[in-house]
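1. here you go, sequence then predicted model.
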Amino acid sequence: LVYATGSATFFGRTASLVQKAAPVSHFQKAVLNIGNFLIVLVLSLSLLLVVVELLRGLPFLTLLAFVLVVVVASIPVAMPAVLS
């Protein structure tokens with residue numbers, strides 16, 4: 001039983017939505033670049049923090065909690081809203 005063809009089907013609607021997708025704007029590229037920079041910075045800072053604090057003798061669970069706080073606080077979730 002055929003009840004829909006072409007763009008009236010599930011896959012047809014999906015294909016039409018993909019065709020309507022807008023290209024990435026300059027603002028979106030800038031926000032993604034800033035986000036990627038922050039991620040790289042946080043990962044390198046976290047690695048440095050882990051190495052230094054383990055050498056200083058900080059307990060691992062305390063260090064893990066501190067690194068988690070640094071990672072969560074470093075990447076702002078509302079960055080696109082704030083920048084716009």
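-> Right, received. Where do you want to start?
2. okay, which residue is most central for the protein?
-> Taking C-alpha atoms, centre = their mean, the centroid of the chain lies closest to Gly35, which sits 7.1 Å from it.
3. that one and Leu49, how far apart?
-> Per C-beta to C-beta, to the nearest Å, Gly35 is found 21 Å from Leu49. All C-beta spots, glycine's among them, are computed from the backbone N, C-alpha and C.
4. circling back: and the residue nearest to the centre of the chain, what is it in contact with?
-> 75, 79 (C-beta atoms under 8 Å, 6 or more residues apart in numbering).
5. that one: helix or strand, and which one exactly?
-> Following DSSP states H and E, one finds Gly35 within helix 26-56.
6. beyond that helix, next helix or strand please.
-> For helix 26-56, the succeeding helix or strand toward the C-terminus, using DSSP H and E, is helix 60-74.
7. got the angle for that following helix vs helix 26-56?
-> Following axes from the mean of the first three to the mean of the last three C-alpha atoms, to 10 degrees, one obtains 160 degrees for the angle between helix 60-74 and helix 26-56.
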